[in-house]
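Asks: Fold the following, please.
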Amino acid sequence: MPPPGVALDRLGFLTIGLFDGDNPGPGHQTTLEIIELGERLGFDSAWVRDRHLQYGISSPVAVLAAASQRTRRIELGTAVIPLGWENPLRLAEDLGTVDVLSGGRLNPGVSVGPPMHFEDVKATLYPDTADVEDFSYERVSRLLRLVGGEPASTFQGLEGMEQFSGRVQPHSPGLRARMWYGGASTASARWAGEHRMNFLTSSVVRAEGSADFAAIQQSHIRAFRTAHPDGPGARVSQGLVVIPTDSATAAQRAKYAAYVEARTPRTASPQGPARMMFARDLLGSSSQIAEALYAHAGFREVREVAFALPFSFEHEDYVQILSDLAGQLGPALGWRPSAVMAP
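Replies: Numbering: from 1, shown residues only. Model prediction:
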């Protein structure tokens, strides 16, 4: 993204989809309502985050299958599915199914590595194979091959009255080009580029020789595009936490300010043994946020974003934030809404 004057091409948002563990239905329904609202407001994409053994979306593919039947235009993404919890062949079947149901609107984002709290969950998740499971990039490669239509079985043909395919079904030909990798390091950025994936970069990066979040993010994006065959044309989406307050009430502004204040100390320096750096949440009027984004080295490298909604707000807060993102901040960045759907 060059200086102001060059328009942002695509505006999306990300939600974690919180719910009450004793009554999970309403939380899932409001997540679907937020995605429907995003389509009506003209957003290009809606993304859901994956949370296992928590009170957030644990099955993003299932949620997006439902969303695909309640929307017609908006693209639907996962940011991200941690593949350590998944069987790539079964996931490829699910992704193909939802892509077909959505009419080719699915944008699956994935990542690798051992599941969180693996020692606590491995006896349940992989009771017989925990010590030999491969949580490396090869797990992504296997998913890519299967989504792309490469053989999944040595048998195909007719057996009795049943017809068997040698590749994952349903096969959705365009899905491979819409696979994303969520990366926080130079190595993951390069790997994603070398394997012709799209690249998701969020509000968390690994501090590698610097403690400047924006500079680190910029270096990851450039490493990705250097490694990708499409070079500067390779797709990158940035996902910062952005909270515009243009139409917020006084009570909402106070709540948002307290939320940002509580989260700001962790942005001062790398955190933990992995030296993770967190971006500052951007809070203020749309004009103030646009100014901050144009000064951000990472943002200046992208033409599409999926701004993350704060995790713990109420439904009416998300309605206000999305309305200001689409109605105020997006236009301030030169973005134009896609064909707005009638309520």
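Asks: Could I get the full set of helices for the stretch 51-200 of the chain?
Replies: 60-68, 88-102, 118-125, 138-147, 186-194 (DSSP state H, counting those that start in this stretch).
Asks: looking at those, which is closest to Ala339?
Replies: Among the helices of the stretch 51-200 of the chain, helix 88-102 comes nearest to Ala339, with 16.8 Å by C-beta to C-beta. Where you see a C-beta, it was placed from the backbone N, CA and C, and this is true even at glycine.
Asks: Show me the contact partners of that closest one.
Replies: 61, 64-65, 68-69, 76, 81, 83, 105-106, 108, 139, 142-143, 146-147, 152, 168-172, 174-175, 178 (C-beta atoms under 8 Å, 6 or more residues apart in numbering).
Asks: List the buried residues in that helix.
Replies: Neighbour-count burial for helix 88-102, with 16 or more other C-beta atoms under 10 Å as criterion, is recorded at 88, 91-102.
Asks: Relative to Phe135, which of those is nearest.
Replies: Nearest to Phe135 among the buried residues of helix 88-102, with distances taken as C-beta to C-beta, is Pro88, at 11.8 Å.
Asks: how close does the closest one get to Pro337?
Replies: Using C-beta to C-beta, to the nearest Å, we find Pro88 at a distance of 36 Å from Pro337.
Asks: tally of neighbours for the residue lying closest to Glu33 once chain neighbours are set aside?
Replies: Nearest residue to Glu33, sequence neighbours excluded (C-beta to C-beta, 6 or more residues apart in numbering): His315, at 7.6 Å. For His315, the count of nearby residues is 15 (other C-beta atoms under 10 Å).
Asks: check contacts around His315.
Replies: By C-beta under 8 Å, 6+ apart, the neighbours of His315 are Thr30, Glu33, Ile34.
Asks: List the contacts of the nearest residue to Ala339 once chain neighbours are set aside.
Replies: Excluding its sequence neighbours, the residue lying closest to Ala339 (C-beta to C-beta, 6+ apart) is Arg73, at 6.7 Å. For Arg73, the contact set (C-beta under 8 Å, 6+ apart) comprises Glu39, Arg105, Ser338, Ala339, Met341.
Asks: Nearest to Ala257, out of these: which one, please.
Replies: Among these, and counting by C-beta to C-beta, the member closest to Ala257 is Glu39, at 29.8 Å.
Asks: between the buried residues of helix 88-102, which is closest to Phe199?
Replies: Of the buried residues of helix 88-102, the one sitting nearest to Phe199 (C-beta to C-beta) turns out to be Leu95, at 18.2 Å.
Asks: And the closest one, how far from Val241?
Replies: Leu95 is 27 Å from Val241, by C-beta to C-beta.
Asks: With Phe311 instead?
Replies: 9 Å.
Asks: Who has more neighbours out of these two?
Replies: A count of neighbours by other C-beta under 10 Å puts Val241 above the other of Phe311 and Val241, at 21 against 14.
Asks: Phe278: which of the helices of the stretch 51-200 of the chain is closest?
Replies: helix 186-194 (17.2 Å).
Asks: Which elements pack onto the closest one?
Replies: Under the contact definition 3 or more C-beta pairs under 8 Å, 6 or more residues apart in numbering; DSSP states H and E, helix 186-194 sits against strand 180-182, strand 198-202, helix 213-227.
Asks: May I have it as CSV, with CA atoms only?
Replies: Extracted in CSV, the C-alpha atoms of helix 186-194 (Å, rounded to 0.1, in the frame of the first residue of the first chain):
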residue,chain,number,x,y,z
THR,A,186,10.3,-15.1,8.2
ALA,A,187,10.6,-18.9,7.7
SER,A,188,6.9,-19.4,7.5
ALA,A,189,6.5,-16.4,5.1
ARG,A,190,9.1,-17.8,2.8
TRP,A,191,7.6,-21.3,2.9
ALA,A,192,4.2,-20.0,2.1
GLY,A,193,5.6,-18.1,-0.9
GLU,A,194,7.6,-21.0,-2.2
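Asks: which other residues reach that helix?
Replies: 111, 137, 181, 183, 198-199, 201, 208, 219-221, 223-228, 234.
Asks: in stretch 179-188, what's buried?
Replies: Met179, Trp180, Tyr181, Gly182, Gly183, Ala184, Ser185, Thr186, Ser188.
Asks: what's near enough to touch Trp180?
Replies: Contacts of Trp180 (C-beta under 8 Å, 6+ apart): Gly77, Ala79, Val80, Asn107, Pro108, Gly109, Val110, Met197, Asn198, Phe199, Leu200, Ser237.
Asks: The fifth one contacts Arg176, correct?
Replies: To tie it back to what came earlier, the one meant is Pro108. No - with contact defined as C-beta atoms under 8 Å, Pro108 does not count as touching Arg176 (10.1 Å).
Asks: Who has more neighbours out of those two?
Replies: Per other C-beta under 10 Å, whichever of Pro108 and Arg176 has more neighbours is Pro108, with 25 against 18.
Asks: any idea how far Pro170 is from the more buried one?
Replies: Distance from Pro108 to Pro170, by C-beta to C-beta: 15 Å.
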